[in-house]
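Undergrad: Sequence plus the predicted model coming up.
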Amino acid sequence: MARQKHWDQVHGKREPNEVSWYQPHLGLSLEWIEQAGLSRSAGILDVGAGTSTLASDLLEQGYNDVTTLDCSAAAIDVARSQLGSRSNQVQWLHGDITQLKLPALRFDLWHDRAVFHFLTEPSDRETYRASLARALRPGGSLILATFALQGPERCSGLPVVRYDAAALQREFGPDFRLLATETETHRTPSGNRQEFLYCRFRRNP
C-alpha cells in the first residue's frame, strides 16, 4: 500500500510530460518488440506502464492483445483518458507486481521500463521473478530497462539498484538468454541526463 500511495502522489501532482522518465515514444522498446517477431495477436504486458504512450503505439502498429499494469490508480486513469475511445482495446491491471497474481502463461512478451530497479529488497525481486516465471510463456521475450551503473542512485524520492548486463543476467538466471543490450542516455524534462541499461532476453523453450 505504501508503494501505491507513493506513486499515486507522484502522478497526481505532475503532468505526464513532467515526470523524470517521460519520453514521447519509447523508441528502443518499440524497435525491440518488433524484433521479437511476434504475431499481432501476441499477448504483451507492460509492467509499470504509468502514463507511457507504449500501449497507444502498439495499437497503432496493429497489436491487439496489450495489457498494462501499474500500482497507481491515478496513472491508469490518466493513461485511459489519453487513449480515449481506444482505451477499451487495452486490458488494464491495477496492482503491485510483487503482490498481484498474474494468469499462468498468459503473455508472449514482458516489458518493464524502470520498475525492476526500484525493487531494492531481495524478497521483492524474488516475487517479481516468480510472477515473470508464472506469466511469460516458454520462448517468450523479456525487455527490461533499469538504471545503468552510471545512472542516478535515487529517483522520485526512492532508492534504486543500478545494474550492468551481467548483473541482470544473474538476477534472471539460466532460464533466460541475453540477446541484446544497449545503454541509452535519457534526458529528463528538467534537462538532467540519466543512463539507462536496456536488455532483451528470451525465455528458454
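TA: Received it, and whenever you're ready, just let me know what you need.
Undergrad: which residues are in contact with stretch 69-86?
TA: Outside stretch 69-86, the residues that touch it by Cβ atoms under 8 Å, 6 or more residues apart in numbering are 3-4, 7-8, 10-12, 16, 45-53, 55-56, 59, 68, 87, 89-90, 92-97, 100. (Glycine included, C-beta is placed from N, CA and C.)
Undergrad: got a list of what the nearest residue to residue 137 once chain neighbours are set aside touches?
TA: Closest residue in space to residue 137, ignoring its immediate chain neighbours: residue 105 at 4.9 Å, by Cβ to Cβ, 6 or more residues apart in numbering. Contacts of residue 105 were listed using Cβ under 8 Å, 6+ apart, and they are 134, 135, 136, 137, 138.
Undergrad: pretty sure the second one is in contact with residue 102, am I right?
TA: The one in question is residue 135. Yes. Assessed by Cβ atoms under 8 Å, residue 135 is found in contact with residue 102 at 3.9 Å.
Undergrad: shared neighbours of these two, which are they?
TA: Common neighbours of residue 135 and residue 102 are listed as residue 45 (criterion: Cβ under 8 Å, 6+ apart).
Undergrad: average pLDDT across stretch 115-128?
TA: Stretch 115-128 shows a mean pLDDT of 97.
Undergrad: Stretch 171-190 too?
TA: 95.
Undergrad: Show me what counts as buried in it.
TA: Buried residues in stretch 171-190, counted by 16 or more other Cβ atoms under 10 Å: 171, 172, 176, 181, 186, 188.
Undergrad: contacts for that stretch?
TA: For stretch 171-190, contacts defined as Cβ under 8 Å, 6+ apart pick out 17-23, 28, 32, 35, 125, 129, 132-133, 142, 145, 148, 163, 165, 168-169, 193-204.
Undergrad: Looking at the buried residues of stretch 171-190, which are in strands?
TA: Judged by DSSP state E, strands contain the following of these: 176, 181, 186.
Undergrad: I'd like the domain boundaries of this protein, if you could list them.
TA: Following automatic domain parsing, the chain resolves into domains at 1-10+47-91, 104-205.
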